[in-house]
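Peer 1: any chance you could fold what I've pasted below:
(2 chains)
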2 protein chains.
Amino acid sequence: MNNDAFLSDFRRMSEIGATENHGVDRQAATREDQQTRRWFATKAQEFGCSVKVDGIGNMFALLDWTPGAPYVLIGSHLDSQPLAGRFDGAYGVLAALHAAKELNEQVRAIQVLGGRPPKFNLAVANWFNEEGSRFAPSIMGSSVFAGLMDEKQMLDVKDSQGITVHDALDAIGFLGHDERPEVASYAEIHIEQGRILEREGISLGAVDRSWYTQKLEIEVLGEQSHTGATAMADRHDALTAAAKIILMVEAVTHDYDEEALVSSIGQMFVEPNSPIVVARRVKLVADLRSDSKDIVQGARATLLEKISALAIEHDIHINVRDFDIRPHRYYPEDGLILAEKVAADLGISIRRIQTMAGHDSVAINTIAPTVMMFIPSVDGVSHCEREFTKDEDMLTGLRALTEVARHLVEGALHD
Amino acid sequence: MNNDAFLSDFRRMSEIGATENHGVDRQAATREDQQTRRWFATKAQEFGCSVKVDGIGNMFALLDWTPGAPYVLIGSHLDSQPLAGRFDGAYGVLAALHAAKELNEQVRAIQVLGGRPPKFNLAVANWFNEEGSRFAPSIMGSSVFAGLMDEKQMLDVKDSQGITVHDALDAIGFLGHDERPEVASYAEIHIEQGRILEREGISLGAVDRSWYTQKLEIEVLGEQSHTGATAMADRHDALTAAAKIILMVEAVTHDYDEEALVSSIGQMFVEPNSPIVVARRVKLVADLRSDSKDIVQGARATLLEKISALAIEHDIHINVRDFDIRPHRYYPEDGLILAEKVAADLGISIRRIQTMAGHDSVAINTIAPTVMMFIPSVDGVSHCEREFTKDEDMLTGLRALTEVARHLVEGALHD
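Peer 2: As a prediction, the model looks like this:
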């Protein structure tokens, strides 16, 4: 394993779409995403892979050892949130590429000596639009791949400027027509978005399940009027009601144990959003997540009740709609045992862990046995420029992913 | 006075940029503003006026009775807020145009009989961008005319899409080069943005002063992080702090008598505004208005103190900047007496009143003696589709404006 080459490639990749404070801004199908994709394709070809792009912009760097055999996929996503960190997603794609290079060299060496190739082929995946900041919903490319979302419908999704996924992918030259590789199994490595590994001083997390999550779309309908000339008592201000909802969505977490529930609003739109006009309409998106379905549903019920009371108090109308409900997803026990065996072989500390955030692996796990691993992230922060993981932790993760992939191409999880 | 012609023109004009619920959407220098301007120009020419446009898009429909004499200006603004009412501004421009038609017919009839023309000429003004919703600041055209704002600087102002006032005016064909008419005096009629006239059953308000107003630009700087994977305790959420500020800005009105202070937030921008990202930055604009300078300054001091405490409580940074401070402006006593005399002559009930909202007349009053009059508005609502004024009230206002203008062209307020 060439650690220096990996770290040097990681630094080079992080220069694409770099922001002032050591982060990156590479939202899906932007010019910066295009540059990262081109860099990835060039590097993959250099490593001996052939690069394919499917109809939703997923990229696959293929290593064909056994013509016709299915593929073990390893990867993550290269797109980022706006003003994001350089590790979220991109680390996993680059680690997969270097793991593939290592395994390819070993397989070629064995073949030269007359040895048999492994049971499965290997491919590195860069899933399109995991973040969903420009085009909602998130986890788009892997969900289309897994048949959980409809490709045609997703290509019609528009960003806030009215540009479709189809046109944005076409514009950056990554609307592909290649056939999707047949998947045997999947492995992904990602930074932990939380601080459990750091707090406990453990190098690797084996993800056993994802949290139960759901979103609420909340539309507050007030009445537009003049800020300067409407008596306070005569107003039906959608923004003051929305402000109370923002605080309610945060306060509901106090009904439960610390860290049992996260609940927040990150997106809102105010209409008409003029300094001298009382707001007519505010749209908010609330995001509720817990390892317990009961807690999410309990918090949702509390919020609905309080929002109803608020609508009466303010004499305005509030619509609430559930969406993006994601139940618990469990990763297979065999995969967890595999990750634990690899860690033991390499002398790496490991623990089982849950993911609060969504990941491409959650989608792929619905169609193929999947191993999802975390490495520590300093202070547990992500989706911000301050996101940071130490070189040694990235290299530990790279070794673990390489060994997991070696077992997978040899047929692990396929008995 | 041809009342039917006025009402029929008002209905026709209200069809331009009409919205579903009887309002209009004709923001400055949009296609709808262009259509209204063209309609106004055609109508003015039909009434015998020559139409001029100055370098900031103000339109003047001139009636030249005495070559070289200064002009009495009468008018208001044709632009609107988004999803606004059809009376705010547009009523005053059309009333001025019909008043001009009436006076022109009378002057021409007198001239045919060998009589002398009045002391001053007359012009109807449509001031550019009174509303300021697309291009801030508001009251732009009349302020440039009055020398209170710099024309070049205002032409460089950009909307949220990055389009300048210069380019927007050019695009609709209303970036003029005509010389500005020399102003002798000014009169404007407008709907009351408040419910005092309605409540007291009075037909006309003579505006004696404008309220003391100021705005605060509030920038809340938190830290961006993942909504799903950042523990509640580790967050520095700019949006929850902003929500508290929205409520503070409203709550400060309770420190004073009812209707003594209006204080509100109508505009806010959230960054990055992604459903799964804790907000990094929120920008808010607060609008404080009172007839008492002490009350505005007291409320401002209370807010600054509470905002400082909030920044400490949330461990985030909050910047506050004063802007758009508008001291009391007094309309001349002579003009008030003139309005009262006209009302008495016509048998119209009148009272003195203050304006909480800004108006073009506030700007013009700094360079020429100005008469500002209000007619009642049902429920006192404005800047919304529900804004409504009865036909009979519009016609009463038209008669009053015509008579005030008659006195002004004959030399009233110029002894």
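Peer 1: what is the neighbour count of the residue of the stretch 51-200 of chain A found nearest chain B?
Peer 2: Among the residues of the stretch 51-200 of chain A, residue A:193 lies closest to chain B, at 3.1 Å counting by C-beta to the nearest C-beta. C-beta: built from backbone N, CA, C; applies to glycine. When neighbours are counted by other C-beta atoms under 10 Å in any protein chain shown, residue A:193 registers 23.
Peer 1: same check on residue A:391?
Peer 2: Residues near residue A:391, counting by other C-beta under 10 Å, number 12.
Peer 1: identify the residue of the stretch 201-350 of chain A closest to chain B, quick one.
Peer 2: Proximity to chain B, evaluated over the stretch 201-350 of chain A using C-beta to the nearest C-beta, is greatest for residue A:229 at 3.1 Å.
Peer 1: contacts only, for that residue.
Peer 2: Applying C-beta atoms under 8 Å, 6 or more residues apart in numbering or on different chains to residue A:229 gives the contacts B:193-194, B:262, B:355-357, B:380, B:382.
Peer 1: out of these, who's nearest residue B:110?
Peer 2: Taking C-beta to C-beta as the measure, residue B:110 lies nearest residue B:355 of the contacts of residue A:229, at 35.3 Å.
Peer 1: what bridges to the closest one?
Peer 2: residue B:210 (DSSP bridges).
Peer 1: my guess is it contacts residue B:211, does it?
Peer 2: Yes: if you go by C-beta atoms under 8 Å, residue B:355 and residue B:211 touch, sitting 6.7 Å apart.
Peer 1: any shared contact partners between the two?
Peer 2: Between them, residue B:355 and residue B:211 share no contacting residue, judged by C-beta under 8 Å, 6+ apart.
Peer 1: doesn't the residue of the stretch 51-200 of chain A closest to chain B lie inside a helix?
Peer 2: No: applying DSSP: H, G, I helix; E, B strand; the rest coil, one finds residue A:193 to be coil, outside a helix.
Peer 1: gap between the closest residue to it other than its chain neighbours and residue A:257?
Peer 2: Nearest residue to residue A:193, sequence neighbours excluded (C-beta to C-beta, 6 or more residues apart in numbering or on different chains): residue B:229, at 3.1 Å. For residue B:229, the distance to residue A:257 equals 17 Å [C-beta to C-beta, to the nearest Å].
Peer 1: same thing with residue A:358?
Peer 2: As judged by C-beta to C-beta, residue A:358 and residue A:257 stand 23 Å apart.
Peer 1: neighbour count winner among the two?
Peer 2: Legend: neighbour count by other C-beta under 10 Å for residue A:358 and residue A:257, higher for residue A:358 (26 against 10).
Peer 1: that one contacts residue A:138, correct?
Peer 2: Yes: counting by C-beta under 8 Å, residue A:138 is a contact partner of residue A:358 at 6.3 Å.
Peer 1: now the common contact residues for these two.
Peer 2: In terms of C-beta under 8 Å, 6+ apart, residue A:358 and residue A:138 are not both contacted by any residue.
Peer 1: so how far does stretch A:149-163 reach from one end to the other?
Peer 2: Terminal residues of stretch A:149-163 are spaced 19 Å apart (C-alpha to C-alpha, to the nearest Å).
Peer 1: enumerate every residue touching the residue of the stretch 51-200 of chain A closest to chain B.
Peer 2: Residue A:193 touches A:88, A:355-357, A:377, A:380, A:382-383, B:226, B:228-230, counting by C-beta under 8 Å, 6+ apart.
Peer 1: 6 Å - rerun?
Peer 2: Counting by C-beta atoms under 6 Å, 6 or more residues apart in numbering or on different chains, residue A:193 touches A:357, A:382, B:226, B:229.
Peer 1: return the residues of chain A in contact with chain B.
Peer 2: Within chain A, the positions adjacent to chain B are A:81-82, A:133, A:193-194, A:224-229, A:231-232, A:240, A:243, A:246-247, A:250, A:253, A:259, A:264, A:266-268, A:270, A:272-277, A:285, A:287, A:289, A:356-357, A:381-384 by C-beta under 6 Å from any C-beta of the partner chain.
Peer 1: are any of those residues buried, and which?
Peer 2: Neighbour counting with 16 or more other C-beta atoms under 10 Å in any protein chain shown marks A:81-82, A:133, A:193-194, A:224-229, A:231-232, A:240, A:243, A:246-247, A:250, A:253, A:259, A:264, A:266-268, A:270, A:272-277, A:285, A:287, A:289, A:356-357, A:381-384 as buried within those.
Peer 1: return the subset of the residues you listed lying in strands.
Peer 2: Counted as lying in strands by DSSP state E, out of these, are A:225-226, A:264, A:266-268, A:270, A:277, A:285, A:287, A:289.
Peer 1: ok, so of those, who is nearest residue A:30?
Peer 2: For those, the residue nearest residue A:30 by C-beta to C-beta is residue A:267; the value is 18.7 Å.
Peer 1: surely that closest one touches residue A:284?
Peer 2: No: using C-beta atoms under 6 Å, residue A:267 makes no contact with residue A:284, being 7.1 Å away.
Peer 1: for the helix or strand of chain A with the lowest mean pLDDT, enumerate its sheet partners and note whether each is parallel or antiparallel.
Peer 2: None of the helices or strands of chain A scores lower by mean pLDDT, DSSP states H and E than strand A:225-226, at a mean of 87. Partner strands for strand A:225-226, per DSSP bridges, with pairing direction: strand A:277-278 (antiparallel).
Peer 1: quick one: the strand it pairs with to chain centroid distance?
Peer 2: Centroid displacement of strand A:277-278 relative to its chain, using C-alpha atoms, centre = their mean, to the nearest Å, is 37 Å.
Peer 1: next one: residue A:64 from residue B:387, what distance?
Peer 2: Per C-beta to C-beta, residue A:64 is found 70 Å from residue B:387.
Peer 1: just residue A:191 next, same as before
Peer 2: Remark: distance between residue A:191 and residue B:387 (C-beta to C-beta) = 54 Å.
Peer 1: residue A:246 now?
Peer 2: In this structure, residue A:246 and residue B:387 are 30 Å apart, going by C-beta to C-beta.
Peer 1: now residue A:378
Peer 2: Taken as C-beta to C-beta, the span from residue A:378 to residue B:387 is 55 Å.
Peer 1: the two: who's more crowded?
Peer 2: Set side by side, residue A:378 and residue B:387 show more neighbours around residue B:387, with 27 against 15, by other C-beta under 10 Å.
Peer 1: so who does the more buried one touch?
Peer 2: Shown in contact with residue B:387 (C-beta under 6 Å, 6+ apart): B:85, B:87, B:381.
Peer 1: dump these into a markdown table; add pLDDT and distance to chain A as well.
Peer 2: Listed next are the contacts of residue B:387 as a markdown table, based on pLDDT from 0 to 100; distance: C-beta to the nearest C-beta, whole Å:
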| residue | pLDDT | distance to chain A |
| --- | --- | --- |
| B:85 | 95 | 9 |
| B:87 | 97 | 12 |
| B:381 | 85 | 5 |
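Peer 1: and which of those is nearest to residue A:329?
Peer 2: residue B:381 (50.7 Å).
Peer 1: looking at it, the closest one is touching residue A:225, isn't it?
Peer 2: Yes: using C-beta under 6 Å, residue B:381 is in contact with residue A:225, at 5.2 Å.
Peer 1: still on that earlier bit, in a markdown table: the contacts of residue A:229, plus pLDDT.
Peer 2: Listed next are the contacts of residue A:229 as a markdown table, based on pLDDT from 0 to 100:
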| residue | pLDDT |
| --- | --- |
| B:193 | 91 |
| B:194 | 88 |
| B:262 | 95 |
| B:355 | 94 |
| B:356 | 88 |
| B:357 | 88 |
| B:380 | 87 |
| B:382 | 87 |
